[in-house]
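Enquirer: Provided below are the primary sequence and the corresponding predicted coordinates.
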Amino acid sequence: MTQTPAQPSPQPPVARKVPSVRTHHGDAFEDNYEWLRDKESAEVVDLLKAENTYQEAVTAHQETLRESIFQEIKGRTQETDLSVPNRKDGWWYYTRSVEGKEYGIHCRVRGQETADRVADWTPPAVEAGVAIPGEEVLLDGNLEAEGKPFFAVGGAATTIDGTLYSYAVDNAGDERFTLRIKDLRTGELLPDVIENVFYGISFSPDGSRIFYTVVDDSWRPYQVKSHVLGTPVGEDTVIYQEDDVAMWLGFELSADRRHLVLSIGCSEFSETRLLRFDDPDAGLRTVISRDERILYEAEPFLLADAAGAGSGAGAGAGSGSGSGRERILLTHNKDAINSMVSLVDPAELDKPIAEQHWDTVIAHSDQVRVNGAGVTSTHAVVSIRKDTIERVQVLPLAGLGTPEQGAAVEPAFDEELYTAGVAGSDYEAPAIRMGYTSYFTPSRVYDFVLPTPERPAGELLLRKESPVLGGYSPSDYVATREWATAADGTKVPLSVLRHASVRQDSTAAGLVYGYGSYEMSMDPGFGIPRLSLLDRGIVFVIAHIRGGGELGRHWYDDGKKLRKKNTFTDFIAATDWLAGSGWVDPDRIAAMGGSAGGLLMGAVANLAPEKYAAIVAAVPFVDALTTILDPELPLSALEWEEWGNPITDPEVYAYMKSYTPYENVRAVAYPKIAAVTSFNDTRVLYVEPAKWVQRLREVNTGSEPVVLKIEMEGGHGGASGRYVQWRERAWDYAFVADSVGATELLPGAGLK
């Protein structure tokens, strides 16, 4: 009897060492893998392809599980679907998705105009898979994507008269878009084609110009330009150029479309400049100079005078019409760390800031974070965060900023952990569009009819709840708010998600997910892919760690710059909470995070590798110090406000070097690690995880594999196309489930 020889274990690719020394502030760091940065090198490309071959071999046994998870995602998703139509300038705009097709189809249909404004702003009954009379297809992403390796839309705009449609497309994944303009009367494309634009495009109110943003060589948006239709692109006008490499530039039209609003800033201070469309020769006007070091947003609008003119239906609707007093609604952090809302007469802005008078609309509170404010023709709309939850409040413009100001009205929801935000509003609309979701409530779209004397509480109208197929029932799952105790005694909020049948007997598997940077909050939200983990008995913990924004500005400030390590130790505290909760076996815990959350993964892998069975780091910022030390690399200068500037500050350099993942890889037994990245990512370059996995393998004393999965045609969000993205998520989740021994569905769980 002959025995089949054992198959040799797949061997990881080994990059050759090319020593290079990085020296700053008298400190020298030898880096053997910096040469992998050469994206044009055939040797580098071959190494990356070999990495994919290796990870495919190592994870080949997960293929059946991946396919099961993919089919579960697909089976729960209504593939032929549509968005809730959104009204703008007499048309209803919406997107269809069709079973078997990767991309959305953007459509519109004409709205009605009657005496009943609420009825006019009630979305038409558009059915999935059924065209309606008068429906126009603006852009079919499936046709646009044919023969292309990647497809993403970076912005779209329509003229007020509805005749021209502009859209920007990326076919590489590098977030540089080509802008085209379609004449909707003929279906023909105009000869105007603008290359290398960034996110966000808008037509001028008269439709004669289009505004767009351009990035510099470091991928920082630094110019807002104006293109006059029918003229050579080379003659486009630079409306504004921002030369400070640490500042980000963007623009939008004011709600009433009387101004172009330029926003310049970082996470610590900002500047807004306004251009009046009815007087463009007056040039840009600065609201508050960046020299005041105030973080703010500004919304100019006309506030009704005593006779009631200037706001209300019809005022200033795109044409600059309407009368009333010019006012600016400011959301700002002047003497208000959690921000507040004030109303300002533009004449005050000509005075020194200490002499200016601002009327309070929303006062500062240590318990409430004000995220932003805007206006409709009748109401101010304010986004706030209270008790970690994002909420919306509205106030009538009548009496705003005076003792006669009306009380704020907040749409009420009945869940403890949810997210409610403005999903779009039109200046003239009698309602605002809202999005709502929770961990186990699929995304809902509401129209909140704004309060009137006859209906002082307003009215919340459900327009759609995203369908979930496969016998999904929210009652099969449980979400609770728990609290971990950090090393310094700080209480860290956790969202703990599990299948209802999981027992608290210390036998389940667990996954801890975190981000913790840029004041980004990991808000409650429904996700079909996550159900596949919960159905396999994995207890899913979202750690709302410092550096995020869940508990206000203090929470963010306490997890950035020279307090960044709080982010990492908070995550470990969350892991310790889970390990001691009685829900899971401490030996069956995995961790996951992406981008800055990938830096988090690298840091906790170095700090506490023994606490994890596996770590998935997506597009991970694991070589952060090398990146930030080179201001020529994409977006590096913009990172100084988050981490500090290690180029000029030796204390920041030393602090960052003490935690950045690549420099702190050490001789310990690491858990299974998967680094997932994309070759064309412009935010976190592929070279960071490519170097990291080589360094990990070089010093790892354990035997668990370290793999690099690289999408050779994707960007920061991975590949394009919904089916491809579902497969990517299935890959991540199968890696986790396999690593913690949770590959089988719980009894009765899964698709039905």
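Expert: Now that the structure is in, tell me what you want to look at.
Enquirer: Point out where this protein drops to low pLDDT.
Expert: For the chain, the stretches flagged by pLDDT under 70 are 1-7, 305-323, 634-636, 682, 714-721.
Enquirer: Can you tell me the SS state at the most centrally placed residue in it?
Expert: Nearest to the mean C-alpha position of the chain, counting by Cα atoms, centre = their mean, stands Met520 at 8.3 Å. Under the three-state scheme (DSSP: H, G, I helix; E, B strand; the rest coil), Met520 adopts coil.
Enquirer: For it, which residues are in contact?
Expert: Counting by Cβ atoms under 8 Å, 6 or more residues apart in numbering, Met520 touches Gly548, Gly549. Every C-beta, even on glycine, is put in place using the N, C-alpha and C of the backbone.
Enquirer: quick one: it from Val341, how far?
Expert: Using Cβ to Cβ, to the nearest Å, one gets 22 Å for the distance from Met520 to Val341.
Enquirer: and the gap between the residue nearest to the centre of the chain and Thr627?
Expert: Noted for Met520: a distance of 19 Å to Thr627, by Cβ to Cβ.
Enquirer: Over to Gly547?
Expert: 18 Å.
Enquirer: For Lys49, list the residues it contacts.
Expert: Met712.
Enquirer: Where does it fall, secondary structure wise?
Expert: Using DSSP states H and E, Lys49 sits in helix 42-58.
Enquirer: Then Arg729?
Expert: helix 722-739.
Enquirer: doesn't Tyr662 make contact with Val699?
Expert: No: if you go by Cβ atoms under 8 Å, Val699 and Tyr662 don't touch, sitting 11.6 Å apart.
Enquirer: Comparing those two, which residue is more hemmed in?
Expert: Neighbour totals were compared for Val699 and Tyr662, and Tyr662 leads with 25 against 11 (other Cβ atoms under 10 Å).
Enquirer: roughly how far apart are the nearest residue to that one once chain neighbours are set aside and Gly593?
Expert: Nearest non-adjacent residue to Tyr662, counting by Cβ to Cβ, 6 or more residues apart in numbering: Asp623, 4.4 Å away. Using Cβ to Cβ, Asp623 is found at 16 Å from Gly593.
Enquirer: Next, please give the residue ranges for the helices of the chain.
Expert: In the chain, the segments counted as helices under DSSP state H are 42-58, 63-76, 117-120, 141-145, 528-534, 553-557, 565-579, 596-607, 624-628, 640-643, 650-657, 687-699, 722-739.
Enquirer: For those helices, state which one has the densest average packing.
Expert: The highest average neighbour count among those, using mean count of other Cβ atoms under 10 Å, belongs to helix 596-607 at a mean of 26.
Enquirer: Any idea how far that one is from the middle of the chain?
Expert: Between the centre of helix 596-607 and the centre of its chain there are 20 Å (Cα atoms, centre = their mean, to the nearest Å).
Enquirer: tell me what it is packed against?
Expert: strand 508-514, helix 565-579, strand 584-594, strand 614-618 (3 or more Cβ pairs under 8 Å, 6 or more residues apart in numbering; DSSP states H and E).
Enquirer: what do you get if the cut-off is 7 Å, keeping everything else the same?
Expert: helix 565-579, strand 584-594, strand 614-618 (3 or more Cβ pairs under 7 Å, 6 or more residues apart in numbering; DSSP states H and E).
Enquirer: got a markdown table for the ones you listed, with distance to Leu600 too?
Expert: What follows is these, written out as a markdown table (distance: least, Cβ to Cβ, whole Å):
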| stretch | distance to Leu600 |
| --- | --- |
| helix 565-579 | 6 |
| strand 584-594 | 5 |
| strand 614-618 | 8 |
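Enquirer: Could you find the closest non-adjacent residue to Gly435?
Expert: Computed as Cβ to Cβ, 6+ apart, the closest residue to Gly435 that is not its neighbour in sequence is Ala423, at 3.9 Å.
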